[in-house]
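*Asks:* What shape does this take:
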Amino acid sequence: MPRSAPVVLTCTSFLAALALALTACGGGVHGTPGASGLRDPYFPKAGNGGYDVTHYALDLAYDPDEKDLSGTATITARATQDLSALNLDLDGLDVESVTVAGKGARWNRAGQELTVRPPHDLDDGETFRVTVRYSGTPETITDPDDSKEGWLPTRDGALALGEPTGSMTWFPGNHHPSDKASYDIAISVPEGLQAVSNGELKSTRTADGRTTTTWHTAEPMASYVATLAIGDYTIRRSTTPDGLPVYVAVDPAEAGASRKVLAKIPQVMEWAQDTFGPYPFSSTGAIVDREGDAGYALETQNRPVFPGAPDTETLVHELAHQWYGNSVTPKTWQDMWLNEGFATYAEWLWDEDHGGDSAQQTFDALYDHGEDVYEDLWSFPPANPTSSGHISDSPVYQRGAMVLHKIRRAVGDKTFHAIVRGWATTHRHGNVDTADFTAYVEKRAPDEDFDAIWKDWLYGEGKPAHA
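*Replies:* Numbers count the residues shown, from 1 in each chain. All right, here's what the predicted structure looks like:
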């Protein structure tokens, strides 16, 4: 009788058989830990790899007398790789428990990194929920530029400001501008105080000496423009002529000084929509705390924060950020000029349209004598700050606006207007970098040569030879 054919086991067939056997035995190819940072050029530990957050549900309680914050953060995310572990950014505060999909998870702390090890590996593409219970006294961070952010205690409460990394002091998350999400924030405070946040106020209830307010932000939001303002506020609600809700919270000490400028919000919004295109969010407004409660205004989503009564230019600047920065958000902190250059140029355009200097006059004054006001104006190009301590310096703001004006001069007002509106519309609720912007401009004005503008004004060192 004939012999049986020999069995030839190749390397490929062996590995396939091994994988099949491991799967049958409950094993399989294991995931790997997500990166503990996104290698941002200026904040390399900010954010985390391996997943994308889609929603934050924060249930918080704050005691201003004890300066104690307790919270439960439920984070809904999608794995972007097979994950055996993932990191969350959380600076300070004490973690009490962590669960993944309702099951207890192992975790450990190292600096701002909270490393979570799910009971089972997460598959690439899988949607999962991480719940973190935590408490303690939130920290105030000193930025590389010496400004204060994070959790700022005030006379009657607290103010949470997050640019660039401060939000990790009051809730765990993927704290990098490239990962935006929707939010639900419920915050309990002593009766008699208000708690104002982003988005829309969904409910307010008072029981047992405490008031809980719930806020919902449906549109994607970067964590650095999430806010909480806790204190004694006078609340005013209204609408713009086209029906957009306006929610304004003002510390009573600032009510008189801020009344006139805040009354301009509908006018500014109408002008901004004519200039930048449809407003990308569901409401607008402002939070005005006491002068000195923070060292700067911030474009927190839906309602920017002002320490003291703002002037009109500052109001225009922060509302313009709702388009440029909050809706069209930078991929990394190197691209800050796309936020600040646009918001600064918005001030120029407002002045031009309301009886002030033309944008050309503002540009010429900066070119001729700008260093008298901004000593560091020509110290680095807007698209390449020298360090993390300089991403909010005047070259990012003023020279960034000058880049936009150079584009306007090159293409003319009609095309420039189309570029400004189209940029906000095309990248609505997205993330962008400088290369995206230069490519967009070149596409919208294909007959123009922008090489000199990019070389001398956007990336060039020192003062350009010609205005």
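
*Asks:* looking at this structure, which helix or strand does the model trust least?
*Replies:* helix 11-24 (a mean of 40; mean pLDDT, DSSP states H and E).

*Asks:* which outside residues touch whatever helix or strand comes next after that helix?
*Replies:* Going down the chain from helix 11-24, the next helix or strand is strand 32-33, by DSSP states H and E. Residues outside strand 32-33 that contact it (C-beta atoms under 8 Å, 6 or more residues apart in numbering): Gly50, Gln81, Asp82, Leu83, Ser84, Ala85, Leu86, Asn87, Thr115. Yep, even glycine has a C-beta here, placed from its N, CA and C like the rest.

*Asks:* contacting residues around the third one?
*Replies:* Counting by C-beta under 8 Å, 6+ apart, Asp82 touches Val29, His30, Gly31, Thr32, Asp121, Leu122, Asp123, Asp124.

*Asks:* Apply 10 Å and report the result again.
*Replies:* 28-32, 34, 50, 121-126 (C-beta atoms under 10 Å, 6 or more residues apart in numbering).

*Asks:* Show me how to select, in ChimeraX, the buried members of those residues.
*Replies:* ChimeraX command restricting the contacts of Asp82 to the buried ones, with burial defined by 16 or more other C-beta atoms under 10 Å:
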select :31,34,50,121,122
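
*Asks:* ok, the contacts of Asp82 vs Asp449, which is closest?
*Replies:* Gly50 (42.2 Å; C-beta to C-beta).

*Asks:* if I read this right, that closest one contacts Thr80, doesn't it?
*Replies:* Yes. Using C-beta atoms under 10 Å, Gly50 is in contact with Thr80, at 6.0 Å.

*Asks:* which residues are common contacts for the two?
*Replies:* Gly34, Asp124.

*Asks:* quick revisit: what is the most widely separated pair among the contacts of strand 32-33?
*Replies:* Once C-beta to C-beta is applied, those give Asp82 and Thr115 as the farthest pair, at 16.6 Å.

*Asks:* on that earlier part again, top of the contacts of strand 32-33 by number of neighbours, please.
*Replies:* Leu86 (29 neighbours; other C-beta atoms under 10 Å).

*Asks:* and it, what helix or strand is that in?
*Replies:* Going by DSSP H and E, Leu86 is in strand 83-89.

*Asks:* Mind giving me the packing neighbours of the following helix or strand past that strand?
*Replies:* Using DSSP H and E, the helix or strand that follows strand 83-89 in sequence is strand 94-100. Helices and strands touching strand 94-100, by 3 or more C-beta pairs under 10 Å, 6 or more residues apart in numbering; DSSP states H and E, are strand 68-79, strand 83-89, strand 106-110, strand 113-117, strand 127-136.

*Asks:* now strand 94-100 and strand 83-89, what's the angle there?
*Replies:* 150 degrees (axes from the mean of the first three to the mean of the last three C-alpha atoms, to 10 degrees).

*Asks:* Could you number the chain from 355 rather than 1 from now on?
*Replies:* Got it, first residue is 355 now, which makes that one strand 448-454.

*Asks:* mind listing what the very next helix or strand once past strand 448-454 pairs with, with the direction of each?
*Replies:* Next in sequence after strand 448-454, counting helices and strands by DSSP H and E, comes strand 457-458. Strand 457-458 has its sheet partners listed here by DSSP bridges as strand 448-454 (antiparallel).

*Asks:* got the residue ranges for the helices in the chain?
*Replies:* Counting by DSSP state H, the chain has helices at residues 365-378, 609-616, 619-630, 666-674, 691-707, 713-727, 748, 754-765, 767-780, 788-798, 805-806.

*Asks:* Now the weakest link among the ones you listed, please, by mean pLDDT.
*Replies:* Of all the helices of the chain, helix 365-378 carries the lowest average pLDDT, namely a mean of 40.

*Asks:* Rebuild the helices of the chain as CSV, extending it with mean neighbour count and distance to Pro736.
*Replies:* Output for these, formatted as CSV (neighbours: other C-beta atoms under 10 Å; distance: least, C-beta to C-beta, whole Å):
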stretch, mean neighbour count, distance to Pro736
helix 365-378, 10, 51
helix 609-616, 16, 28
helix 619-630, 18, 20
helix 666-674, 22, 16
helix 691-707, 23, 4
helix 713-727, 16, 13
helix 748, 22, 10
helix 754-765, 22, 4
helix 767-780, 17, 16
helix 788-798, 17, 9
helix 805-806, 11, 15
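
*Asks:* Trp691 reaches Ser748, doesn't it?
*Replies:* No. With contact defined as C-beta under 10 Å, Trp691 does not count as touching Ser748 (11.1 Å).

*Asks:* list the residues that contact both of those two?
*Replies:* Thr698, Pro736, Gly754.
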